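J.: Quick check, what structure comes out for this input:
(one chain, ligands or ions: 2)
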Amino acid sequence: MIRIGIGHDTHRLEAGDTLTIGGVSIPHEKGFVAHSDGDVLLHALIDAVVGALGWGDIGEWFPDTDPQHKGADSKQLTSEVMRKVQTEGWVVGNIDAIIFAQQPKLSIYKEEMEQQLAKLTSIEPGQVNVKAKTGEKVGPVGREEAISAQVAVLMVRE
Ligand code: CDP
Ligand code: ZN
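T.: Ligands and ions are numbered 1, 2, ... in the order given. Predicted coordinates:
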């Protein structure tokens, strides 16, 4: 059986020194305003995976009102979801992702993000593709007020 999922996430930016995207720490003059570490790529990935399997959304798994998730490492949230995925006999077929960020330039980090996503979902880096787009200097992304991510995932069960 195969199932497809889609995920989207946005986090607002404020003055800071580091962005965490796809589990990769990126030095930047802005950081995410978020209850967790604000990792938009991993949050979109989680939503894509749980969406594919009909398991609701990230907010139902990890309520942002829960103090336990304050400053949470999104890699751990992803691993928690993936444990249930594996228990239920599912594997990830492939992941395709887009990060919407005016700045910083993400091309040099894409390979590392693909490796992180592959590791977190127990697949090969060749099954993961990460893309980046600017906001063409318009809208919240273009004005560097926010960074967003979209993820599509194919889930497979033998
Ligand atoms: O050229 P087009 O309008 O389709 O895309 P763009 O948003 O101007 O981005 C051009 C290219 O820059 C992308 O295809 C990415 O390879 C790269 N990019 C990046 O490395 N980091 C970003 N934050 C945004 C885009
Ligand atoms: Zn998020």
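
J.: alpha carbons only for contacts and neighbour counts from here, please
T.: Noted.

J.: Scan the helices and strands of the chain for the one with the lowest mean pLDDT.
T.: When the helices and strands of the chain are scored by mean pLDDT, DSSP states H and E, helix 58-61 comes last with a mean of 94.

J.: Buried residues in the next helix or strand after that one, which are they?
T.: Later in the chain than helix 58-61, the nearest helix or strand by DSSP states H and E is helix 74-87. Under the neighbour-count criterion of 16 or more other CA atoms under 10 Å, helix 74-87 has 74-75, 77-79, 81-82, 85 buried.

J.: from those, which single one is nearest Thr121?
T.: Met82 (6.4 Å; CA to CA).

J.: any idea how far that closest one lies from Arg12?
T.: Distance from Met82 to Arg12, counting by CA to CA, to the nearest Å: 26 Å.

J.: related to what we said a few turns ago, and the least confident helix or strand of the chain, what does it pack against?
T.: helix 40-52 (3 or more CA pairs under 8 Å, 6 or more residues apart in numbering; DSSP states H and E).

J.: who touches the helix it packs on?
T.: Outside helix 40-52, the residues that touch it by CA atoms under 8 Å, 6 or more residues apart in numbering are 3-11, 21-23, 56-58, 74-75, 78, 81, 97, 99, 117, 147-155.

J.: Just the ones in helices from those residues, please.
T.: Counting by DSSP state H, the contacts of helix 40-52 place 58, 74-75, 78, 81, 117 in helices.

J.: ok, longest strand in this structure?
T.: strand 2-15 (DSSP state E).

J.: distance between the helix or strand containing Lys119 and the chain's centre?
T.: In this assignment (DSSP H and E), Lys119 forms part of helix 110-120. In terms of CA atoms, centre = their mean, to the nearest Å, the centre of helix 110-120 is set 11 Å apart from its chain centre.
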